[in-house]
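# structural data only, the sequence is not supplied:
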Ligand SMILES: NCc1[nH]cc(CCC(=O)O)c1CC(=O)O
């Protein structure tokens, strides 16, 4: 089995993870590293990048052309509509779902939101993170950053920026040394993550029934249910990963679904927050979207 992946440390960790899961089921595989447009133009801000699927297109083409058998992605980087002929055959367990604020050790102040003083610079290129930061701590100065997870982490370590925001899942997978920084974990109910955050997805060809059967051994059904709600909200909002939208769904012990969502229509609008719970998934995403679009402006 040939597994396609990007070549970043995070992508390789994720591909190795899937490779190990497969080998536990007696399936041997090899990795095929594929460069994407997103890897080539590290200098451009996300707002300059046209179209969706910036980190996925070349890999999906390799899949469609039969050069690889499956591909591993971060679910949150995948557009909600799969390209014609491709399916997500497996979703991983959900690691840490939340975002983390990393602060240079001399710049942390107690008593302020995220332990950051007025005027502190905070690195993120995510419109979702910017909208939530503005809501929780309007005194911060968001600064656009690009590059892979270790590069971004180092901007707070070196003091080039006072802080950066990153997904906990990426930091944990790379096992980065955070001991020289102040680490503030956010709550996913307040600092609402991106749809699909913390989950890895394995993509394959729709027609490849054999492969789909093998990959289904790795699938986590409850993760599938919850991320399906999250991605349906994103799809109904007609958004991609640049939309300032957070959606997080949890299923509790009794089988009830709980969704937290946040959305800022434009950068100057106040953040809207919604919490919806239901005992079934039917109509849940629709209700979240309806409330997000009609929520009273705070
Ligand atoms: N957009 C980049 C990206 N895609 C997946 C992850 C981390 C893993 C995950 O959140 O699933 C990251 C880094 C980040 O947002 O800090």
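That came through fine. The structure presented is a predicted model; accordingly, all values stated were derived computationally and were not measured.
# state the phi and psi torsions of residue 176.
With angles defined as degrees, to the nearest 10, residue 176 sits at phi -70, psi 150.
# contact partners for it?
Each residue near residue 176 by Cβ atoms under 8 Å, 6 or more residues apart in numbering is listed here: 149-150, 153. Every residue, glycine included, has its C-beta placed from N, CA and C.
# partners of residue 123 in the sheet?
When bridges are called by DSSP bridges, residue 123 pairs up with residue 143, residue 164.
# hang on, isn't it packed against residue 161?
Yes. Contact criterion Cβ atoms under 8 Å: residue 123 and residue 161 qualify, at 4.5 Å.
# report the set of residues contacting both of the two.
143, 145, 155.
# columns distance to the ligand on top of those, output as CSV?
Shown next, in CSV, are the shared contacts of residue 123 and residue 161 (distance: Cβ to the nearest ligand atom, whole Å):
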residue, distance to the ligand
143, 15
145, 10
155, 13
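# now those residues in CSV, with neighbour count and pLDDT?
Output for the shared contacts of residue 123 and residue 161, formatted as CSV (neighbours: other Cβ atoms under 10 Å; pLDDT from 0 to 100):
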residue, neighbour count, pLDDT
143, 16, 97
145, 20, 95
155, 21, 97
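# can you give me the helices for this structure?
9-24, 37-40, 57-64, 127-136, 149-157, 168-174, 209-215, 221-236, 284-294 (DSSP state H).
# give the buried residues for the first one.
Along helix 9-24, the positions that meet the burial threshold by neighbour count (16 or more other Cβ atoms under 10 Å) are 10-15, 17-19, 21-22.
# so can I have a markdown table of the helices of the chain showing distance to residue 1?
Shown next, in a markdown table, are the helices of the chain (distance: least, Cβ to Cβ, whole Å):
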| stretch | distance to residue 1 |
| --- | --- |
| helix 9-24 | 7 |
| helix 37-40 | 23 |
| helix 57-64 | 12 |
| helix 127-136 | 34 |
| helix 149-157 | 27 |
| helix 168-174 | 22 |
| helix 209-215 | 8 |
| helix 221-236 | 21 |
| helix 284-294 | 33 |
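# quick revisit: among the shared contacts of residue 123 and residue 161, which one sits closest to residue 228?
Distance to residue 228 across these (Cβ to Cβ) is lowest for residue 145, with 30.8 Å.
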